[in-house]
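Colleague: Need a 3D model of the following:
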Amino acid sequence: MLFDTHTHLDNQAFDEDREDIIARALEQGVTRMVNVGFNRETIPTTMALAEKYDFIYAAVGWHPTDAVTMEQADLDWIADLTKHEKVVAIGEIGLDYYWDTSPKDVQQQVFRQQIGMARELGMPIIIHNRDAHEDVVRILREEKANEVGGIMHSFSGSWETAKMCLDMGFYISFGGPVTFKNAKQPKEVLVQIPNDRLLIETDAPYLTPHPYRGKRNESAYVRLVAETAAELKGMDFEEFCRMTTANALTCFDIR
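Modeller: Numbering: from 1, shown residues only. Sure thing, here's the model as predicted:
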């Protein structure tokens, strides 16, 4: 019983074989997935998937690389969508200092606005953090994100950063990179994460795990992440799957 807590099955990379991709995930024991919509194009397609499949849930938010395009109407749209029974989080939101598509100050403003909205609505948040660890943690603290918590998606930071996020009530999620042979830091951090705060994901079609690195990722491959993570934790595979699925159900308040 696996839960892919972060995937993009609406991505055009799956346009030719989406139903096969979903069927393969089910065959590999993936019983639930959260598909993430993050701009005007992907929020509607994410909602369509969540409405079509019982086992697919939705997260909706505004991605930092698209921050410069966000208007008040978009925030209102996201807030309205959170009333939908299949929407379980606001995200992915955060900061991305790798891609130079939105100025840092605009990213930070949009990040703060969405944290504030999540607090008003009582929704967990999914954090995208690329090359912006210090600012992400600072803004989460300043905006009292601990009131809602959520997920540090595809975590790539240090144990010190992870501890600060754990202290604010966040879950730490790992994907394909933890399977890479040269991924020393993610492996070291994963081992130290408390069992009740650990999640797994694919971020498909991105960040494909070994041995398929460099090819298109898919939700079925969350099993490869789970196998590596269970081994690192010294846990039985099935026990690890039950644990991380239970964590995800708690995080997203899925009954």
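
Colleague: How about the backbone phi and psi for the residue nearest to Asp135 when sequence neighbours are not counted?
Modeller: Nearest residue to Asp135, sequence neighbours excluded (C-beta to C-beta, 6 or more residues apart in numbering): Leu95, at 5.6 Å. For the C-beta atoms, the positions are set from N, CA and C on the backbone; glycine is no exception. Backbone torsions for Leu95, taken as degrees, to the nearest 10, come to phi -140, psi 140.

Colleague: Gly94 too?
Modeller: Per-residue torsions, Gly94: phi 150, psi -140 (degrees, to the nearest 10).

Colleague: Near it, how many other residues are there?
Modeller: Each residue near Gly94 was counted by other C-beta atoms under 10 Å, and the total is 29.

Colleague: Return the distance of the residue nearest to it when sequence neighbours are not counted relative to Thr65.
Modeller: Of all residues not flanking Gly94 in the chain, His128 sits nearest, at 3.9 Å (C-beta to C-beta, 6+ apart). Separation of His128 from Thr65 (C-beta to C-beta, to the nearest Å): 9 Å.

Colleague: Between those two, which has more neighbouring residues?
Modeller: Neighbours around His128 and Thr65, counted as other C-beta under 10 Å, are more numerous at His128. The numbers are 24 against 19.

Colleague: Confirm that the more buried one lies within a strand, as I assumed.
Modeller: Yes: under DSSP: H, G, I helix; E, B strand; the rest coil, His128 sits within a strand.

Colleague: ok, the residue nearest to Gly94 touching Phe155?
Modeller: No: taking C-beta atoms under 8 Å as the definition, His128 is not a contact partner of Phe155, at 10.9 Å.

Colleague: Quick check: neighbours shared by these two?
Modeller: Contact criterion C-beta atoms under 8 Å, 6 or more residues apart in numbering; residues shared by His128 and Phe155: none found.

Colleague: any chance you could map the helices in the stretch 51-200 of the chain?
Modeller: In the stretch 51-200 of the chain, helices defined by DSSP state H, counting those that start in this stretch lie at 72-81, 104-121, 133-142, 159-167, 184-192, listed in chain order.

Colleague: Lovely, talk soon.
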